[in-house]
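Peer 1: would you be able to build a 3D model of this:
(one chain, ligands or ions: 2)
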Amino acid sequence: MRVKKPKIRELKEAVKGIFSKPYTTDFPYKLHIPPLRYRGKPEYNRDICVGCGACFQVCPAKAIEMVDKIENHTATRILIQHPSQCIFCGECERNCITKEGIKLTTKFDIAYFNEKDTLDSIEHKLIVCQYCGTIIGSEKHLQWVLKRIGNLGFAQPVLLTQLTETLKIKTDFEEKVVSPIQRTDMLKIVCPKCRRIAFISDEKKER
Ligand code: SF4
Ligand code: SF4
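Peer 2: Ligands and ions are numbered 1, 2, ... in the order given. The predicted model follows:
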(Lines give C-alpha, C1' and ligand atoms only; values in the text may rest on other atoms or scores of the structure.)
(Ligands and ions follow the chains in the order given, each with its own letter.)
Protein backbone atom coordinates (compact mmCIF):
# COMPACT_ATOMS: atom_id res chain seq x y z
CA MET A 1 0.00 0.00 0.00
CA ARG A 2 1.24 3.47 -0.90
CA VAL A 3 1.48 5.88 2.09
CA LYS A 4 0.48 9.44 1.24
CA LYS A 5 3.14 12.06 1.93
CA PRO A 6 2.03 14.88 4.31
CA LYS A 7 1.25 18.13 2.54
CA ILE A 8 3.35 21.23 3.22
CA ARG A 9 0.36 23.00 4.83
CA GLU A 10 -0.18 20.16 7.30
CA LEU A 11 3.51 20.10 8.21
CA LYS A 12 3.45 23.85 8.83
CA GLU A 13 0.40 23.46 11.14
CA ALA A 14 2.15 20.69 13.10
CA VAL A 15 5.33 22.76 13.62
CA LYS A 16 3.26 25.81 14.60
CA GLY A 17 1.32 23.68 17.09
CA ILE A 18 4.52 22.68 18.92
CA PHE A 19 5.47 26.29 19.65
CA SER A 20 2.07 27.95 20.21
CA LYS A 21 -0.02 28.10 23.43
CA PRO A 22 -2.55 25.27 23.95
CA TYR A 23 -6.19 26.07 23.11
CA THR A 24 -7.43 24.24 26.20
CA THR A 25 -7.30 25.64 29.76
CA ASP A 26 -5.96 24.05 32.96
CA PHE A 27 -9.46 23.61 34.43
CA PRO A 28 -10.15 22.15 37.02
CA TYR A 29 -6.63 22.90 38.40
CA LYS A 30 -7.03 26.58 37.55
CA LEU A 31 -10.29 28.55 37.63
CA HIS A 32 -11.58 29.02 34.09
CA ILE A 33 -13.14 32.39 33.30
CA PRO A 34 -15.42 32.04 30.28
CA PRO A 35 -15.99 34.93 27.84
CA LEU A 36 -18.71 37.43 28.80
CA ARG A 37 -21.09 36.21 26.10
CA TYR A 38 -20.77 32.60 27.22
CA ARG A 39 -24.17 30.89 27.56
CA GLY A 40 -24.17 29.31 31.02
CA LYS A 41 -26.75 28.54 33.70
CA PRO A 42 -29.82 30.82 33.46
CA GLU A 43 -30.76 32.62 36.69
CA TYR A 44 -33.73 34.71 37.77
CA ASN A 45 -33.38 38.30 38.89
CA ARG A 46 -35.65 38.56 41.93
CA ASP A 47 -36.11 42.33 41.61
CA ILE A 48 -36.97 42.37 37.91
CA CYS A 49 -38.93 39.16 37.17
CA VAL A 50 -42.70 39.79 37.29
CA GLY A 51 -43.82 36.15 37.10
CA CYS A 52 -45.61 36.33 33.73
CA GLY A 53 -44.51 32.79 32.77
CA ALA A 54 -43.34 33.68 29.25
CA CYS A 55 -39.96 32.02 29.88
CA PHE A 56 -41.76 28.81 30.85
CA GLN A 57 -43.85 28.93 27.67
CA VAL A 58 -40.96 29.47 25.25
CA CYS A 59 -38.45 27.03 26.75
CA PRO A 60 -38.03 24.35 24.05
CA ALA A 61 -36.38 21.87 26.43
CA LYS A 62 -39.00 22.16 29.18
CA ALA A 63 -36.20 23.19 31.53
CA ILE A 64 -38.48 25.71 33.25
CA GLU A 65 -41.30 24.42 35.40
CA MET A 66 -44.26 26.56 36.44
CA VAL A 67 -46.36 25.54 39.43
CA ASP A 68 -49.49 27.52 40.36
CA LYS A 69 -50.91 26.53 43.71
CA ILE A 70 -53.69 27.77 45.96
CA GLU A 71 -53.25 26.98 49.66
CA ASN A 72 -54.96 28.56 52.68
CA HIS A 73 -56.59 31.23 50.46
CA THR A 74 -53.17 32.27 49.09
CA ALA A 75 -52.34 31.69 45.45
CA THR A 76 -48.68 31.41 44.50
CA ARG A 77 -46.76 30.87 41.26
CA ILE A 78 -43.37 29.15 41.48
CA LEU A 79 -41.02 29.15 38.49
CA ILE A 80 -38.20 26.62 38.68
CA GLN A 81 -35.25 26.46 36.31
CA HIS A 82 -33.72 22.97 35.90
CA PRO A 83 -30.11 23.27 34.65
CA SER A 84 -29.94 19.51 33.98
CA GLN A 85 -32.53 19.89 31.19
CA CYS A 86 -31.32 23.24 29.87
CA ILE A 87 -29.81 23.42 26.38
CA PHE A 88 -28.60 27.02 26.94
CA CYS A 89 -30.43 28.30 23.88
CA GLY A 90 -31.18 31.68 25.49
CA GLU A 91 -34.85 31.74 24.42
CA CYS A 92 -36.00 32.50 27.99
CA GLU A 93 -33.76 35.57 28.17
CA ARG A 94 -34.68 36.71 24.64
CA ASN A 95 -38.44 36.46 25.28
CA CYS A 96 -38.53 37.81 28.83
CA ILE A 97 -41.04 40.66 28.83
CA THR A 98 -38.90 42.71 31.22
CA LYS A 99 -35.69 41.85 29.28
CA GLU A 100 -33.75 41.17 32.50
CA GLY A 101 -36.00 38.84 34.53
CA ILE A 102 -33.92 35.80 33.61
CA LYS A 103 -30.38 35.93 32.27
CA LEU A 104 -27.88 33.37 31.13
CA THR A 105 -24.86 33.62 33.41
CA THR A 106 -21.29 32.51 32.75
CA LYS A 107 -21.67 29.66 35.28
CA PHE A 108 -20.74 26.42 33.53
CA ASP A 109 -19.56 24.18 36.37
CA ILE A 110 -22.97 22.80 37.31
CA ALA A 111 -22.19 19.15 38.01
CA TYR A 112 -24.15 17.94 41.04
CA PHE A 113 -24.88 15.01 43.31
CA ASN A 114 -28.33 16.27 44.18
CA GLU A 115 -30.27 18.19 41.50
CA LYS A 116 -31.97 20.32 44.17
CA ASP A 117 -28.62 22.04 44.81
CA THR A 118 -28.59 23.53 41.31
CA LEU A 119 -32.25 24.54 40.92
CA ASP A 120 -33.06 28.23 40.71
CA SER A 121 -36.61 29.21 41.62
CA ILE A 122 -38.68 32.32 42.17
CA GLU A 123 -42.08 32.81 43.83
CA HIS A 124 -44.88 35.26 42.99
CA LYS A 125 -48.22 36.14 44.53
CA LEU A 126 -51.11 35.38 42.19
CA ILE A 127 -54.34 37.30 41.73
CA VAL A 128 -57.37 35.03 41.29
CA CYS A 129 -60.98 35.66 40.28
CA GLN A 130 -62.98 36.36 43.46
CA TYR A 131 -65.94 34.49 42.00
CA CYS A 132 -64.65 31.32 40.30
CA GLY A 133 -61.02 31.18 41.47
CA THR A 134 -59.47 31.29 37.96
CA ILE A 135 -55.92 32.63 37.99
CA ILE A 136 -55.78 36.10 36.40
CA GLY A 137 -52.05 36.69 36.69
CA SER A 138 -49.27 37.49 39.10
CA GLU A 139 -49.60 40.66 41.13
CA LYS A 140 -46.24 41.97 39.89
CA HIS A 141 -47.21 41.28 36.27
CA LEU A 142 -50.44 43.29 36.62
CA GLN A 143 -48.51 46.15 38.21
CA TRP A 144 -45.99 45.97 35.35
CA VAL A 145 -48.83 46.24 32.77
CA LEU A 146 -50.35 49.11 34.71
CA LYS A 147 -47.08 51.01 34.73
CA ARG A 148 -46.77 50.63 30.96
CA ILE A 149 -50.31 51.67 30.04
CA GLY A 150 -50.54 54.51 32.57
CA ASN A 151 -53.98 56.15 32.93
CA LEU A 152 -55.57 53.60 30.57
CA GLY A 153 -55.46 51.23 33.56
CA PHE A 154 -58.46 53.10 35.02
CA ALA A 155 -60.60 51.48 32.29
CA GLN A 156 -59.79 47.92 33.38
CA PRO A 157 -61.34 46.85 36.71
CA VAL A 158 -58.63 44.33 37.69
CA LEU A 159 -55.90 46.86 36.95
CA LEU A 160 -57.91 49.49 38.80
CA THR A 161 -57.84 47.33 41.91
CA GLN A 162 -54.07 47.05 41.55
CA LEU A 163 -53.84 50.81 41.25
CA THR A 164 -55.92 51.39 44.36
CA GLU A 165 -53.73 48.91 46.23
CA THR A 166 -50.57 50.65 45.05
CA LEU A 167 -52.00 53.99 46.13
CA LYS A 168 -53.22 52.34 49.38
CA ILE A 169 -56.84 53.47 48.84
CA LYS A 170 -59.25 51.57 51.07
CA THR A 171 -61.88 49.64 49.07
CA ASP A 172 -64.07 46.57 49.47
CA PHE A 173 -62.33 44.78 46.59
CA GLU A 174 -61.12 42.06 48.93
CA GLU A 175 -64.71 41.02 49.67
CA LYS A 176 -65.60 37.69 48.10
CA VAL A 177 -68.16 37.84 45.31
CA VAL A 178 -71.27 35.88 46.33
CA SER A 179 -73.50 33.98 43.96
CA PRO A 180 -75.26 35.04 41.77
CA ILE A 181 -72.70 37.46 40.39
CA GLN A 182 -74.05 41.01 39.88
CA ARG A 183 -73.13 43.77 37.45
CA THR A 184 -71.64 45.74 40.38
CA ASP A 185 -69.25 42.83 41.02
CA MET A 186 -67.64 43.59 37.67
CA LEU A 187 -65.63 46.23 39.49
CA LYS A 188 -64.08 43.60 41.76
CA ILE A 189 -61.35 41.14 40.83
CA VAL A 190 -63.20 38.88 38.45
CA CYS A 191 -61.94 37.03 35.38
CA PRO A 192 -63.24 37.95 31.87
CA LYS A 193 -65.53 34.90 31.81
CA CYS A 194 -67.27 35.81 35.09
CA ARG A 195 -67.48 39.46 34.02
CA ARG A 196 -69.32 38.33 30.90
CA ILE A 197 -71.69 36.15 32.96
CA ALA A 198 -72.43 39.12 35.23
CA PHE A 199 -73.08 41.36 32.24
CA ILE A 200 -75.37 38.88 30.45
CA SER A 201 -77.42 38.01 33.58
CA ASP A 202 -77.84 41.73 34.29
CA GLU A 203 -78.95 42.40 30.71
CA LYS A 204 -81.53 39.59 30.96
CA LYS A 205 -82.85 41.05 34.21
CA GLU A 206 -83.48 44.40 32.55
CA ARG A 207 -85.74 42.93 29.85
S1 SF4 B 1 -31.72 28.61 28.01
FE2 SF4 B 1 -33.21 27.61 26.65
S3 SF4 B 1 -33.40 25.55 27.47
FE4 SF4 B 1 -32.40 26.77 29.07
S5 SF4 B 1 -34.09 27.48 30.34
FE6 SF4 B 1 -33.74 29.07 28.84
S7 SF4 B 1 -35.17 28.59 27.15
FE8 SF4 B 1 -35.00 26.77 28.43
S1 SF4 C 1 -40.62 38.37 33.78
FE2 SF4 C 1 -39.18 37.25 32.50
S3 SF4 C 1 -38.18 35.82 33.88
FE4 SF4 C 1 -40.00 36.53 34.93
S5 SF4 C 1 -41.58 35.02 34.45
FE6 SF4 C 1 -41.75 36.65 32.88
S7 SF4 C 1 -40.46 35.94 31.19
FE8 SF4 C 1 -39.90 34.71 33.01
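
Peer 1: for whichever residue of the chain sits closest to ligand 2, what are its contacts?
Peer 2: Of all residues in the chain, Gly101 sits closest to ligand 2, at 2.8 Å by C-beta to the nearest ligand atom. (Each C-beta comes from the backbone N, C-alpha and C, glycine too.) Counting by C-beta atoms under 8 Å, 6 or more residues apart in numbering, Gly101 makes contact with 44-45, 48-50, 55.

Peer 1: do Glu123 as well
Peer 2: By C-beta under 8 Å, 6+ apart, the neighbours of Glu123 are 76-78.

Peer 1: after the least confident helix or strand in the chain by mean pLDDT comes which helix or strand?
Peer 2: Least confident helix or strand of the chain, by mean pLDDT, DSSP states H and E, is helix 157-166 with a mean of 71. Downstream of helix 157-166, the next assigned helix or strand under DSSP states H and E is helix 192-206.

Peer 1: what comes up buried for that following helix?
Peer 2: 194-195, 197-198, 202 (16 or more other C-beta atoms under 10 Å).

Peer 1: count of neighbours near Phe154?
Peer 2: By the criterion of other C-beta atoms under 10 Å, Phe154 has 12 neighbours.

Peer 1: numbering from 24 from now on, please.
Peer 2: Shifting the count to begin at 24 puts that one at Phe177.

Peer 1: you'd agree it is up against Thr184?
Peer 2: No: when contacts are counted by C-beta atoms under 8 Å, Phe177 is not listed as touching Thr184 (11.2 Å).

Peer 1: where do the helices sit along this protein?
Peer 2: Remark: helices assigned in the chain by DSSP state H are 31-42, 77-81, 114-118, 162-172, 180-189, 215-229.

Peer 1: pick out the shakiest of those, pLDDT-wise.
Peer 2: Across the helices of the chain, helix 180-189 has the smallest mean pLDDT, namely a mean of 71.

Peer 1: list the contacts for the closest residue to Trp167 other than its chain neighbours?
Peer 2: Sequence neighbours aside, Val73 is the residue nearest to Trp167 in space, at 4.5 Å (criterion: C-beta to C-beta, 6 or more residues apart in numbering). Applying C-beta under 8 Å, 6+ apart, we find Val73 in contact with 120-121, 124, 147, 161, 163-164, 166-167.

Peer 1: just the buried members of those?
Peer 2: For the contacts of Val73, a neighbour count by 16+ other C-beta under 10 Å gives the buried set as 121, 124, 147, 161, 163-164, 166-167.

Peer 1: tell me the one among the residues you listed nearest to Tyr52.
Peer 2: Using C-beta to C-beta, Gly124 is the member of those that lies nearest Tyr52, at 36.2 Å.

Peer 1: pLDDT score for the closest one?
Peer 2: pLDDT, Gly124: 97.

Peer 1: quick one: it from ligand 1, how far?
Peer 2: Using C-beta to the nearest ligand atom, to the nearest Å, Gly124 is found at 12 Å from ligand 1.
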